[in-house]
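Trainee: Quick check, what structure comes out for this input:
(chains A and B, ligands or ions: 2)
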Amino acid sequence: MNFVNQLAEKGTAIIPMPLQIKAAHVLYKAKTKLGIYKEFPEFVEAPIPDVSTLAIEDVDVSNPFLYRQDRWESYFKRLRDECPVHYQKNSAFGPFWSVTRYDDILFVDKNHKLFSSEPFIVIGKAPDELAVEMFIAMDPPKHDVQRAAVQGAVAPKNLKEMEGLIRERTRDVLDKLPLNRPFNWVEDVSIELTSRMLATLLDFPYENRRKLVYWSDLAGGGTESTGGLNDSDELFRGMVDMSRHFSRLWYDKKARAATGERAGFDLITLLQSNDETRDLINRPLEFLGNLALLIVGGNDTTRNSMTGGVFALNRFPDEFTKLKNDPSLITNMVSEIIRWQTPLAHMRRVATQDVELNGQVIKKGDKVVMWYASGNRDERAIDQPEQFIIDRKNARNHLSFGFGVHRCMGNRLAELQLRILWEELLARFDRIDVIGEPEYVQSNFVRGYSKMIVKLTAKPTEA
Amino acid sequence: MGSITFIEHDGAEHAVEIETGKSLMQIAMNNGVPGIDADCGGEAACGTCHVIVDGDWIAATGKAGDEELQMLDMTPDRAPTSRLACQIIATDAMDGLVARLPEFQM
Ligand code: HEM
Ligand code: FES
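Mentor: Ligands and ions are numbered 1, 2, ... in the order given. Below is the predicted model:
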């Protein structure tokens, strides 16, 4: 390593994390003022035309309102049928390739040597100054080392330990829900449960758990990165606050461990008891990146599966009857919910060399977007893909968790949390009715709900 | 014609008939052997068909290839003779083979 690098590393170790992010924010603002960064335009919602009225090259699936306006299925179907590997050259996020069929997505996801995850995995960009080190946006071998360090926290063995706590906290939430009276499911169930799960995972101060949700919403919702609503200033402020809390948490855990407190099975304890990561706090960007990745990864994905499952069973009421008659279908249904919802619409790669894919030549350096949402509706791979079928055969064969070395690390935790939710719901409620239409998030990445009104009816008490 | 035995983590044994040319993953799925998820359907891309080949049988199955190792490396229950069952194609020479299933698939 050369001298400058060494100095830079030392620097990042000495300067406290929040200050580093503050400094980055100042730099970012200065660059924007100087015109080095263009101010990214806000998205204004306009009705999206019927896809059949467009020339194929004008189809732009990066529109952040595609899901909200329920146009996504027809747009992606046209691409899958007519132009499965599609080039859009003037989107708001610059030119990009869309990969829309199941098999092609699998090919891209598997071949990390041809398709790099660096520098970032959503369609747009994050401010350079905020490029904290997240292994989801690293290629092997660096990715592998970092993932190995944190994987244990959500590995099935550890989840067995956590299951009781997750169930207890789920019950607590469900027992407090109103009966026969409409309420917002997103706020009172999905967000609340997800924040509890994340707080459990990190052993984060329980009363501050909503902060975890706030931070990860910020990180995942940038206008420039995914067409969302958040601006960069708010993002920077949020990250300063997050780094402050996370470093405090680290030192607090360390102090508690020193007093002989029984070791937990949370992520921080795990990192502190592993030789490789014992001193992670001295590598602040990596530290922050790993923690942020876990809360971002586990936040709106799980939340929107919790809302999406209820919504799907309302759209397909026969399936709810089927479920009540045979609760052993829950495990299979959880996979079907995750496929049907596809909480993350895409992951992005960059071609490392010219690659031919389904008749198109993708050039080295081109952006390649794998649309999981489209692959999960691909008639070539999935029978009646638009239908929600809780006893679907091979329900696990979906793309929602991705494939290859970046395959979702939290997949078992997500499945566990959803299974517990449905077991506890079925034990309590006879009907879970969605009232009116849900409201959708503005994004081309997160496929989610900002609001969904639900009314619960208790199970008749058995005589 | 011969048989392969899958042993679950709790010791339950499943002897199944060899179907030459098929992968061990397919054979296990066809016979309803629990403990294999095969989420990617045999593409060495999910790591959920992990088995640990017993004793000297690794000579008959061969060692894991590069692509396979990438996925196996992420598995906490990784052992020296770990393989992805979808990457082992059954032959008659595997008569008597024993493959152990890990406690969890990743
Ligand atoms: C239904 C819920 C979830 C869905 C749909 C989901 C989806 C995904 C997807 C699509 C990827 C990228 C895969 C690829 O590039 O091939 C991913 C990666 C990841 N997810 Fe999830 N996720 C979910 C829940 C969670 C949870 C609960 C956590 C943790 C608490 C989590 C943590 C991660 C991490 C750390 C990565 C990066 C893995 C790597 O790069 O090696 N996810 N997830
Ligand atoms: S079935 Fe996915 S790796 Fe074997």
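Trainee: Please give me every residue in contact with the residue nearest the centre of chain B.
Mentor: When C-alpha atoms, centre = their mean is applied to chain B, the residue found nearest the centroid is residue B:85 (3.1 Å). If you count contacts by C-beta atoms under 8 Å, 6 or more residues apart in numbering or on different chains, residue B:85 has them with B:23, B:24, B:25, B:28, B:36, B:38, B:49, B:50, B:51, B:99. C-beta here means a position set from N, CA and C on the backbone, and glycine is covered the same way.
Trainee: Any idea which residue of chain B lies closest to ligand 1?
Mentor: Closest contact between chain B and ligand 1, by C-beta to the nearest ligand atom, is at residue B:74 (7.7 Å).
Trainee: Could you measure from that residue over to chain A?
Mentor: Separation of residue B:74 from chain A (C-beta to the nearest C-beta, to the nearest Å) stands at 7 Å.
Trainee: Please, which helix or strand holds that residue?
Mentor: Under DSSP states H and E, no helix or strand contains residue B:74.
Trainee: before we move on, what about residue B:16?
Mentor: Here residue B:16, judged by DSSP H and E, is contained in strand B:13-17.
Trainee: mind listing what's buried in that strand?
Mentor: Buried residues in strand B:13-17, defined by neighbour count with 16 or more other C-beta atoms under 10 Å in any protein chain shown: B:14, B:16.
Trainee: Then stretch B:27-34?
Mentor: Under 16+ other C-beta under 10 Å, the buried positions of stretch B:27-34 are B:27, B:28, B:29, B:33.
Trainee: Just to check, the first one is in contact with residue B:16?
Mentor: Yes. Judged on C-beta atoms under 8 Å, residue B:27 makes contact with residue B:16 at a distance of 5.9 Å.
Trainee: what residues do these two have in common as contacts?
Mentor: Taking C-beta under 8 Å, 6+ apart as the contact rule, residue B:27 and residue B:16 both touch residue B:4.
Trainee: For chain A, state which of the contacts of residue B:85 is nearest.
Mentor: Distance to chain A across the contacts of residue B:85 (C-beta to the nearest C-beta) is lowest for residue B:38, with 7.5 Å.
Trainee: Burial check on that closest one, number of neighbours?
Mentor: Around residue B:38 there are 22 other residues, counting by other C-beta atoms under 10 Å in any protein chain shown.
Trainee: Next, the contact list for it, please.
Mentor: Residues in contact with residue B:38, defined by C-beta under 8 Å, 6+ apart, are A:396, A:397, B:25, B:29, B:46, B:48, B:49, B:85, B:86.
Trainee: Checking it next. Helix, strand or coil?
Mentor: coil (DSSP: H, G, I helix; E, B strand; the rest coil).
Trainee: Could you pull up phi and psi at it?
Mentor: The phi and psi values for residue B:38, taken as degrees, to the nearest 10, are phi 50, psi 50.
Trainee: any idea how far residue B:50 is from it?
Mentor: Distance, residue B:38 to residue B:50, by C-beta to C-beta, to the nearest Å: 10 Å.
Trainee: what do you get for residue A:197?
Mentor: Residue A:197 sits 26 Å away from residue B:50, taking C-beta to C-beta as the criterion.
Trainee: now swap in residue A:315 and tell me
Mentor: Applying C-beta to C-beta, the value for residue A:315 to residue B:50 is 36 Å.
Trainee: Neighbour count for these two, which is higher?
Mentor: A direct count of neighbours by other C-beta under 10 Å for residue A:315 and residue B:50 places residue B:50 higher, at 28 against 13.
Trainee: Single out the residue in the stretch 301-450 of chain A that lies closest to chain B.
Mentor: For the stretch 301-450 of chain A, C-beta to the nearest C-beta, closest residue to chain B: residue A:403, 3.8 Å.
Trainee: what's the burial count for the residue nearest to that residue when sequence neighbours are not counted?
Mentor: Spatial nearest neighbour of residue A:403, chain neighbours left out: residue B:45 (3.8 Å); criterion: C-beta to C-beta, 6 or more residues apart in numbering or on different chains. Neighbour count of residue B:45, defined by other C-beta under 10 Å: 24.
Trainee: Surely residue B:45 and residue A:105 touch.
Mentor: No. The pair residue B:45 and residue A:105 does not pass the contact test of C-beta under 8 Å, sitting 10.7 Å apart.
Trainee: Please identify the residues of chain B in proximity to ligand 2?
Mentor: B:25, B:38-40, B:42-49, B:71, B:84, B:86 (C-beta under 6 Å from any ligand atom).
Trainee: for residue 40, what are its contacts?
Mentor: The chain I'm using is chain A. Neighbouring residues of residue A:40 by C-beta under 8 Å, 6+ apart: A:223, A:224.
Trainee: Please refer instead to chain B.
Mentor: Residue B:40 neighbours (C-beta under 8 Å, 6+ apart): A:106, A:397, A:403, B:46, B:48, B:86.
Trainee: for the fourth one, what are its contacts?
Mentor: If I follow you right, that is residue B:46. Applying C-beta under 8 Å, 6+ apart to residue B:46 gives the contacts A:403, A:407, B:37, B:38, B:39, B:40, B:71.
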